[in-house]
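Visitor: I'd like to go over a predicted model; first the sequence, then the structure.
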Amino acid sequence: MTLQAIRGTNDFIYEEAAKMRHLENVFRKEAALYGFEEVKTPVFEYTELFTRGIGEETDIVSKEMYTFEDRGGRSITLRPEGTASIVRAYLEHSLNTIRNVNKMFYTGAMYRAERPQKGRYREFHQFGVEVMGSNSPLVDVEVISLNISYFNSLGLDNINLLMNTVGCPKCKPNYEVALKEYLNSHKDSLCDSCKRRYNSNVLRVLDCKNESCKEIVLLAPNIGDTVCDECKEHFDEVKKNLDTAKIKYSVNPRLVRGLDYYTKTVFEIQDDLLGAQNAVAGGGRYDNLIGMFNNGKNTPAVGSALGVERLKLALEERGVLALNSAVDVFVVVFKETKDMLLPLLGKARDASMRATGDYNIPSVKSQFKSANSLGASYVIVAGPDEVALGEVNLKNMNSGEEEKVKIDCLTDKLREKSI
Ligand code: AMP
C-alpha cells in the first residue's frame, strides 16, 4: 500500500494548519462584525440538490462532482460548493420564520474533481456568506464590502473587484438571443465545449478561457446594454453605494461566473499575483434559486464564497501571513531535575501560557533548539543548582534577558509577562 494522500488534496501540518486557523478566526470576526450568524451543514447531500441547484450544464455538475451510491442505493454527492446546502437548510428549517432577513456564514471543505494545479485542488476550503430575504442592492454591497474588508484586514490589498450584471429571467433570454445571433457566424471557431454551450448555456461562452473563444467574445454584445430597467437600476444602485463606501471596482461585461443560478449582480475578486488561478472570491445575487426548490415561491438572496487556499497563497506571496508560534514557554530540564518538568509546565499553563518541553531530555543545546523551532518566547531552565535553591532560570528569548525566579512565584511572574 502506498501511503499517499489523494491527488489534489492537502495535509496542513503545524504552521500550515495554524495559518488556516488564523484565516478562519479573522473571517469569523469579520462576519460577526457584519452581523452574520453561522450555519453548519453536512459535507454530503442528495445529488439532486446540486444537479438542480447548480445546473446540469455547468462544469461542476457535468464533470466535477464526487458522486456515489450509498448502501441504500441513493445517489449522494460531496458538496462542491456551499450555497445549495444553505438553501436546503433555509427551506427545511423555515428560517424565514426566524429572521426577516437571514445573514448566514459558513466555513468548510468543498470537493471538485478538477485538474489539480497551484491554487486548484480537489478538496479545498471556502468561507462563504449568504443573505436571504432582501432584494435591496445594499445587501449586495454589504456582501462585497465584507469580503474586501476581510482581505484588507489580513493585509491583502491591490486586489481587483470585477462587477457585472447578468440580468433576470425577464431580460436574460433577450441577451441570450442576441449573443447566439452574434456567435452564429463564429460557431466553427468556438472550442468544443463552447459549441455545446451554445445550445445548453450560451452565457458560459463569455468566460471561456480558450484563446480563440476569448477573441470571438471580445466583440460580442454587452449584457449590460440589454438588461431590463429594473436590473439596470439595481446595478446602478450597487455601483453608487460601492462608490460611497470607497470600494474600487471595474465593470467587466464578460463576467458571468460559472454557476447557472445568478441573477443581477455578479462579482469576482482577483489577485494578479496568483497567476492562472487568480480568483480569490466570487459571488452574486440569486433571486430565483430558492424558488426552484420551493414550488416557485422565490426569496431574493445574495452570497459569496472565497477560496481559503488561494487566499493563503496570496498572503504568502506578499509575505504578510502572520505566523503563530506553537508555544509561549519551553521548559528545559536536566536528568537530575526531570521530575520538575510536569510541575513547571503546570505553573506556566496556570499563567495561561502554552507550554511544552522535551520528555526525552536530550542535551540542553538540543532542548534550546526545540524551543527556537517552536517559537517559544520564554525558556525556563531547571538547572540542578537552581532547583536545589527552589529557583529556576527564566530567559526571554526575544531580548536574551535572564533572571532567577522562585518556583513558588513562577506563575505570577509569567502572568506579568503575558499582559
Ligand atoms: P466558486 O464556488 O466556483 O464561485 O468559487 C469561489 C472561490 O473558491 C474561488 O474564487 C476560488 O478562490 C475558490 N475555488 C474554487 N474552486 C477551487 C478549487 N478547485 N481549488 C481551490 N480553490 C477553489
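Guide: The structure has been received and is ready for your questions.

Visitor: let me see the ranges of the helices in the stretch 201-350 of the chain.
Guide: 211-217, 223-226, 229-244, 289-292, 308-318, 341-350 (DSSP state H, counting those that start in this stretch).

Visitor: avg pLDDT for the first one?
Guide: Helix 211-217 comes out with an average pLDDT of 91.

Visitor: contact partners of it?
Guide: Outside of helix 211-217, the residues within contact range by CB atoms under 8 Å, 6 or more residues apart in numbering are 183, 186, 189-191, 194, 205-206, 208, 254. C-beta coordinates here come from the backbone N, C-alpha and C atoms, glycine included.

Visitor: how about the helices of the stretch 201-350 of the chain in TSV, adding distance to Gly155 and mean neighbour count?
Guide: Shown next, in TSV, are the helices of the stretch 201-350 of the chain (distance: least, CB to CB, whole Å; neighbours: other CB atoms under 10 Å):
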stretch	distance to Gly155	mean neighbour count
helix 211-217	32	16
helix 223-226	33	18
helix 229-244	22	16
helix 289-292	34	20
helix 308-318	7	20
helix 341-350	31	18
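
Visitor: quick one: closest of those to the ligand.
Guide: Of all the helices of the stretch 201-350 of the chain, helix 308-318 sits nearest to the ligand, with 4.1 Å by CB to the nearest ligand atom.

Visitor: check which helices and strands that closest one sits against.
Guide: helix 15-33, strand 123-132, helix 137-154, strand 279-285 (3 or more CB pairs under 8 Å, 6 or more residues apart in numbering; DSSP states H and E).

Visitor: pick out the residue in this protein sitting closest to the ligand.
Guide: Gly307 (2.2 Å).

Visitor: is it true that that residue touches Phe124?
Guide: Yes. Using CB atoms under 8 Å, Gly307 is in contact with Phe124, at 6.1 Å.

Visitor: tell me which of those two has more neighbours.
Guide: Gly307 (23 against 20; other CB atoms under 10 Å).

Visitor: kindly state the beta-bridge partners for that one.
Guide: Applying DSSP bridges to Gly307 gives these bridge partners: Gln126.

Visitor: for it, what are its contacts?
Guide: 119, 124-126, 279-281.

Visitor: get me the contact residues on the stretch 201-350 of the chain for the ligand.
Guide: 258, 279-282, 305-307, 309-310 (CB under 6 Å from any ligand atom).

Visitor: and those, which are buried?
Guide: The neighbour-count test (16 or more other CB atoms under 10 Å) applied to those identifies 258, 279-282, 305-307, 309-310 as buried.

Visitor: from the residues you listed, which single one is nearest Lys170?
Guide: Gly258 (22.6 Å; CB to CB).

Visitor: mind saving the C-alpha coords of the strand or helix carrying Leu179 as PDB?
Guide: In the assignment (DSSP states H and E), Leu179 maps to helix 172-184. C-alpha atoms of helix 172-184 as PDB (Å, rounded to 0.1, in the frame of the first residue of the first chain):
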ATOM      1  CA  LYS A 172     -31.700  37.300 -19.700                       C
ATOM      2  CA  PRO A 173     -33.400  35.500 -22.600                       C
ATOM      3  CA  ASN A 174     -33.200  38.600 -24.800                       C
ATOM      4  CA  TYR A 175     -29.500  38.700 -24.300                       C
ATOM      5  CA  GLU A 176     -29.100  35.000 -24.900                       C
ATOM      6  CA  VAL A 177     -30.800  35.500 -28.300                       C
ATOM      7  CA  ALA A 178     -28.600  38.500 -29.100                       C
ATOM      8  CA  LEU A 179     -25.400  36.600 -28.100                       C
ATOM      9  CA  LYS A 180     -26.500  33.500 -30.100                       C
ATOM     10  CA  GLU A 181     -27.100  35.700 -33.100                       C
ATOM     11  CA  TYR A 182     -23.600  37.200 -32.800                       C
ATOM     12  CA  LEU A 183     -21.900  33.800 -32.200                       C
ATOM     13  CA  ASN A 184     -23.700  32.100 -35.100                       C
END
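
Visitor: what packs against that helix?
Guide: Using 3+ CB pairs under 8 Å, 6+ apart: helix 172-184 touches helix 223-226.

Visitor: what's the distance between the helix it packs on and the middle of its chain?
Guide: Centroid separation for helix 223-226 versus its chain: 31 Å, with CA atoms, centre = their mean, to the nearest Å.

Visitor: which other helices and strands does it contact?
Guide: strand 160-165, helix 172-184.

Visitor: so which other helices or strands are in contact with the shortest one?
Guide: Packing partners of strand 160-165 (3+ CB pairs under 8 Å, 6+ apart): helix 223-226, helix 229-244, strand 250-251, strand 263-270.

Visitor: and of these, who's closest to Lys29?
Guide: strand 263-270 (19.0 Å).

Visitor: can you list contacts of the closest one?
Guide: 137, 140, 144, 147-148, 151, 159-169, 172, 231, 234-235, 238, 249, 255-257, 278-288, 302, 304, 306.
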